[in-house]
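Engineer: any chance you can model this:
(one chain, ligands or ions: 1)
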Amino acid sequence: MKTIAVLGGGYAGLRMVKRLTHEKVDAHIVLINDNEYHYESTQLHEVAVGNKEPSDISFDIRAVLPDSVDFIVDTVTSIDRDKQQVVLKHSQPVAYDYLVNALGFESESFGIKGVDEYSLSFNNIDSALAVRDHIEHTLANYATSHDENDLHIIVCGAGFTGIELLGELVERIPVWNKQYDLPQNGITVDCIEAGKTILPMLPENLSSWAVKFLADHGITMHSGTPITEVRQHSVVSNDKEFPGNIIIWTTGVQGSHVICDSGYAQKRNRVVVENNLSVKDHPHEFLIGDVAAVPNPDSGRFYPTTAQIAVAQADCAAENIVALLAGKPTHDFQFSSVGTVCSLGPGSGVAEIDQMGHWKFKGHKVGLLKRLVNDRSVLELAHVKEMLASR
Ligand code: NAD
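Structural biologist: Below you'll find the model as predicted:
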């Protein structure tokens, strides 16, 4: 019997396993993940500021896997592509006939001086909790330090992660003000963004509404301000310096370092894949999610790396593996977006939906919509009980 090794228990990896088992594929499926649990990476920013707990955004992977799937909890260090083996940190290598790499993303520093030393980013539950600890420890320190910088938060980058994080901060700051007995309007937040436009991927009326919402809630946005250095107590953009003792880095992501450690031709740990999501000259290797640069023949560019697209890629790659096992031809990845939701805290946001027409929403309706999107992703990956348990 052939072995299909699926690397990563994120959205894409779990969806792949569900899809393969649903198709009753005649193969031995091995899922390898570094944790026992799956977490919703699109909600990590909520854990980072304390509006949600890890248990709200995670569930036990074993509880949702069919018995026929082998689940190995270990860290993938590299892939020996010549020997067709997955190399693990603690256990013996796993041999495969088909490989699905869905190892996800890591924060990207772009080689900017001081980023690794003086700012914090989050790409998993532990790093999100480390951000929360740092914020709370620094705010608590103000009582003895009386250093204004202990109350200054700087968010670096205003992509979706940065903007959604700012929305959660708006919700959380009044709680911290009370908890640490801080002066009214004590905590200030600056967001520093290289691009001239905030959320350029959304229609102008939605992005300007989001920026106004944040400004009305005390967030100061500095667009057209590329960060050139991060220091221990400040962020620098050419000749400007923004002081602050809480510096959170959200300027974009790269694929897992396992990609470069395994000798792939890559850029930012992403491999340009074929239209059917396999790797050139390796028809049995599939890359999906943040480790794949997937060409969009319509635009001539690559698809962005979103959870929605990663799940669609898992479906396509699963169908292609089933086809290969049956000696049938594969098909190319095609994607039509159901839209984009950008939350601004639990009760607000902006959204553009392409389902049964083209819809634009802003304000409290988006809070509900975001909840539905999150519930739907848990529902599709697990069971209703996990969806209900995460409330
Ligand atoms: P991103 O690449 O989308 O945004 C990073 C932002 O940082 C950009 O606006 C960029 O101009 C800015 N930046 C980069 N270098 C900078 C510098 N030196 N100085 C100042 N600003 C700088 O990254 P992200 O926000 O982490 O999102 C990663 C992926 O996840 C994206 O594909 C995003 O669409 C997706 N995502 C989607 C959602 C959602 O749909 N609601 C939420 C979170 C993330």
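Engineer: contact residues of the stretch 201-350 of the chain facing the ligand?
Structural biologist: Neighbours of the ligand within the stretch 201-350 of the chain, by CB under 6 Å from any ligand atom: 226-227, 250-253, 304-306, 340-342. (Glycine included, C-beta is placed from N, CA and C.)
Engineer: in helices, which of those appear?
Structural biologist: Counting by DSSP state H, those place none of their members in helices.
Engineer: tell me the residue furthest from the middle of the protein?
Structural biologist: If you look at how far each residue of the chain sits from its centre, by CA atoms, centre = their mean, the farthest one is Thr144, at 36.2 Å.
Engineer: shouldn't that residue be within a strand?
Structural biologist: No: judged by DSSP: H, G, I helix; E, B strand; the rest coil, Thr144 forms no part of a strand; its state is helix.
Engineer: of the residues of the stretch 201-350 of the chain next to the ligand, buried ones?
Structural biologist: Of the members of those, the ones counted as buried by neighbours, 16 or more other CB atoms under 10 Å, are 227, 250-253, 305-306, 340-342.
Engineer: who is the residue nearest to Glu36 when sequence neighbours are not counted paired with across the strands?
Structural biologist: Here the nearest residue to Glu36 in space, its sequence neighbours aside, is Val73; by CB to CB, 6 or more residues apart in numbering that works out to 5.6 Å. With DSSP bridges applied, Val73 shows beta-bridge pairing to Asn33.
Engineer: ok, Val73 - contacts?
Structural biologist: 33-36 (CB atoms under 8 Å, 6 or more residues apart in numbering).
Engineer: pull the number of nearby residues for the residue in the chain positioned nearest to the ligand.
Structural biologist: Closest approach of the chain to the ligand (CB to the nearest ligand atom) occurs at Gly159, with a separation of 1.9 Å. If you count neighbours by other CB atoms under 10 Å, Gly159 ends up with 18.
Engineer: what does the helix or strand harbouring His45 contact?
Structural biologist: The secondary structure element spanning His45 is helix 44-49 (assigned by DSSP states H and E). Contacts with helix 44-49, where a contact means CB under 8 Å, 6+ apart, come from 52-54, 56-57, 122-125, 128-129, 131-132, 135, 161, 164-165, 168-169, 171-172, 248, 346.
Engineer: let me know whether it sits next to the ligand.
Structural biologist: No: in this structure, helix 44-49 remains apart from the ligand according to CB under 6 Å from any ligand atom; the gap is never smaller than 7.7 Å.
Engineer: can I assume Ser278 is in contact with Asn320?
Structural biologist: Yes: here Ser278 reaches Asn320: they are 7.1 Å apart, a contact under CB atoms under 8 Å.
Engineer: how about residues contacting stretch 251-258?
Structural biologist: Judged by CB under 8 Å, 6+ apart, the contacts made with stretch 251-258 from elsewhere in the structure are 7-8, 76-79, 101, 103-110, 123, 156-157, 159, 162, 194, 227, 266, 268-271, 290-292, 305.
Engineer: pull out the buried residues from those residues.
Structural biologist: With neighbours counted by 16+ other CB under 10 Å, the contacts of stretch 251-258 contain buried members at 7-8, 76, 78-79, 101, 103-109, 123, 156-157, 159, 162, 194, 227, 266, 268-271, 290-292, 305.
Engineer: can you flag which of those belong to helices?
Structural biologist: Among these, the members found in helices (DSSP H) are Gly162.
Engineer: so which of the buried ones among the contacts of stretch 251-258 are in strands?
Structural biologist: By the criterion of DSSP state E, membership of these in strands covers 7, 76, 78-79, 101, 105-107, 156, 271, 292.
Engineer: compile these into a markdown table and extend it with columns for pLDDT.
Structural biologist: Compiled in a markdown table, these are given as follows (pLDDT from 0 to 100):
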| residue | pLDDT |
| --- | --- |
| Leu7 | 98 |
| Val76 | 98 |
| Ser78 | 98 |
| Ile79 | 98 |
| Asn101 | 98 |
| Phe105 | 95 |
| Glu106 | 95 |
| Ser107 | 94 |
| Cys156 | 98 |
| Val271 | 98 |
| Ala292 | 98 |
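Engineer: for those residues, work out which two are farthest apart.
Structural biologist: Maximum pairwise distance in those, criterion CB to CB, is 32.2 Å, between Ile79 and Cys156.
Engineer: quick one on the thing from earlier: the residue of the chain closest to the ligand against Leu202, yeah?
Structural biologist: No: in this structure Gly159 lies outside contact range of Leu202 using CB under 8 Å: 11.6 Å.
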